[in-house]
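Visitor: turn this into a model:
(2 chains)
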Number of protein chains: 2
Amino acid sequence: MASKVRLYVDHPLGEEQSVPLTREQAHYLFGVMRLTEGAVLSLINGKDGEWDASVEKASKKGGILLCQSQTRALQIPPDLWLMFAPIRKERTAFIVEKAVEMGAARVMPVQTDYTQSANRIRQDKLQAHAVEAAEQCGGTYIPPVDNLARLDRVLADWPQDRQLMFCDEVLIGDPVGLPALDGPWAILIGPEGGCSPAERDRLRSLPFAHPVSLGPRILRADTAAVAALTVWQQALGDWTRHE
Amino acid sequence: MASKVRLYVDHPLGEEQSVPLTREQAHYLFGVMRLTEGAVLSLINGKDGEWDASVEKASKKGGILLCQSQTRALQIPPDLWLMFAPIRKERTAFIVEKAVEMGAARVMPVQTDYTQSANRIRQDKLQAHAVEAAEQCGGTYIPPVDNLARLDRVLADWPQDRQLMFCDEVLIGDPVGLPALDGPWAILIGPEGGCSPAERDRLRSLPFAHPVSLGPRILRADTAAVAALTVWQQALGDWTRHE
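Guide: Modelled structure (predicted):
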């Protein structure tokens, strides 16, 4: 089943809006995907929903698209941040992809005491992963991906009205559930090897932090991210609740 | 933090049980991991829990380990099958890995009408992935991975006391939850592109099949697998329930 090409552009979208293409975008559309003038594709920009657009002008160095009609409204996820300690490169990229699919509003890599220093991140690459995940999975919203920040600093500047769901290896089998508190939330996925005792003491002392168990088995950080997003979306987010 | 080597062996484990090593295992333990005689490692076999064992004899071609004491009992997951249509190779391997971490008792690749024929599987490779996931994630149980089977045949031979949670793209946003029915279950993750209309009609006509929504966004099959396992384990499985 051939499906319509779906492209992210950093440009406003709207009725009869024309959209200039970069050289890279022109290469992708006309070189790789072999679109020609008159062809119709889908555009997203993370703000204006999804639009059908036609190729008005195609050249090797650029081109012009013309927006026709909106095909999907912007679907903003709930106000949920996903915080995680970077792991190996491909699994970090995977967590960003899953954050987009599962509906996180913001992605925040955090440096914990036990985060391997080898696990540096390239913010620009991770942001590009988020764009690609939205292009491929029908998303209309692209969560911003922050630069790496130290967990202790993030917690020091914490907005007091935001709850924190804290998933840590130590909680395995510990029967702790998610409190039914409305409003903004964040999820913190502990690093592989867990949080340090100092971090754990600090988190347990914070009134907005809620330890939550993800079952009796040890989960990799990428698995924990999807599982935690599922638990949160089902209990407090935009998945319809059923008893 | 150096952690103990953890190895799967196809051999009984028990008090003072000696365990002969294959050439590949000897290469891994003595060549790659540099263990020497007297070193202690963890063994699993999927049946007898986790055991500490010491290296009694090390050679290039083999060696002998001696079990000391059980460090973890066998933890059998709930009676849950995970059925999915194969996707691209690395994502299929990923689903198997996640099935082990999330506690599926059996993994069943199924051929649906829209499964790309290019997505063949190597059952032996996927079973090896399951072993590796258990080694790495502290698991003591290894779910069997079946050969690829046609979905219509699997459904024709279905055990009538087993419920089926059916997650399909068509259900996006449709508010359908998991019925609270005890006993054996299976999860079916539809292929990317969804099930065919004929498959969908058939599934909807089966008294044991329950359509379940995984939220308002389109999920890749690998994400859907983790999300569905989370929903099931939390509602009916071995994650402790909390309201």
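Visitor: contacting residues around the nearest residue to A:Pro20 once chain neighbours are set aside?
Guide: Take A:Pro20 and drop its neighbours on the chain: the residue closest to it by CB to CB, 6 or more residues apart in numbering or on different chains is A:Ile64, 5.9 Å away. C-beta coordinates here come from the backbone N, C-alpha and C atoms, glycine included. Counting by CB atoms under 8 Å, 6 or more residues apart in numbering or on different chains, A:Ile64 touches A:18-21, A:55-57.
Visitor: the helix or strand where A:Ile64 lies: partners in the sheet, and parallel or antiparallel?
Guide: Taking DSSP states H and E as the definition, one finds A:Ile64 inside strand A:63-72. According to DSSP bridges, strand A:63-72 forms sheet pairs with strand A:18-20 (antiparallel), strand A:50-58 (antiparallel).
Visitor: what's the average pLDDT for the shortest one?
Guide: Mean pLDDT, strand A:18-20: 97.
Visitor: that one: how far from the chain's middle?
Guide: 26 Å (CA atoms, centre = their mean, to the nearest Å).
Visitor: pull the number of nearby residues for the nearest residue to A:Ile189 once chain neighbours are set aside.
Guide: Spatial nearest neighbour of A:Ile189, excluding adjacent residues (CB to CB, 6+ apart): A:Phe84 at 4.2 Å. By the criterion of other CB atoms under 10 Å in any protein chain shown, A:Phe84 has 27 neighbours.
Visitor: bridged to A:Phe84, which residues?
Guide: A:Pro109, A:Ile189.
Visitor: now do the strands in chain A.
Guide: Assigned by DSSP state E, the strands in chain A fall at A:6-8, A:18-20, A:40-44, A:50-58, A:63-72, A:80-84, A:106-111, A:149-150, A:163-167, A:185-189, A:209-211.
Visitor: can you put those strands in JSON lines and add distance to B:Gln70?
Guide: Listed next are the strands of chain A as JSON lines, based on distance: least, CB to CB, whole Å:
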{"stretch": "strand A:6-8", "distance to B:Gln70": "53"}
{"stretch": "strand A:18-20", "distance to B:Gln70": "64"}
{"stretch": "strand A:40-44", "distance to B:Gln70": "54"}
{"stretch": "strand A:50-58", "distance to B:Gln70": "56"}
{"stretch": "strand A:63-72", "distance to B:Gln70": "55"}
{"stretch": "strand A:80-84", "distance to B:Gln70": "34"}
{"stretch": "strand A:106-111", "distance to B:Gln70": "37"}
{"stretch": "strand A:149-150", "distance to B:Gln70": "41"}
{"stretch": "strand A:163-167", "distance to B:Gln70": "28"}
{"stretch": "strand A:185-189", "distance to B:Gln70": "31"}
{"stretch": "strand A:209-211", "distance to B:Gln70": "29"}
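Visitor: mind checking the pLDDT average for the strand holding A:Ile64?
Guide: In this model, strand A:63-72 has a mean pLDDT of 96.
Visitor: do stretch A:83-100 as well
Guide: Average pLDDT, stretch A:83-100: 91.
Visitor: what comes up buried for it?
Guide: A:83-87, A:91-100 (16 or more other CB atoms under 10 Å in any protein chain shown).
Visitor: ok, stretch A:45-59 next?
Guide: A:45-46, A:48-53, A:55, A:58.
Visitor: chain A against chain B: which residues are in contact?
Guide: By CB under 8 Å from any CB of the partner chain, the residues of chain A that approach chain B are A:1, A:75, A:97-98, A:101-103, A:114, A:136-139, A:175-178, A:193, A:213-220, A:223, A:226-227, A:229-231, A:233-234, A:237-243.
Visitor: counting only helices, which of the residues you listed make the cut?
Guide: A:97-98, A:101-102, A:136, A:223, A:226-227, A:229-231, A:233-234 (DSSP state H).
Visitor: ok, of those, which come out buried?
Guide: Among these, those scoring as buried are A:97-98, A:101-102, A:223, A:226-227, A:229-231, A:233-234 (criterion: 16+ other CB under 10 Å).
Visitor: which one among the residues you listed gets closest to B:Val5?
Guide: The nearest member of those to B:Val5, counting by CB to CB, is A:Thr223 at 22.2 Å.
Visitor: contact partners for the closest residue to the closest one other than its chain neighbours?
Guide: Among residues not flanking A:Thr223 along the chain, B:Glu101 sits closest, at 5.0 Å (CB to CB, 6+ apart). Counting by CB under 8 Å, 6+ apart, B:Glu101 touches A:217-220, A:223, B:133, B:137, B:139.
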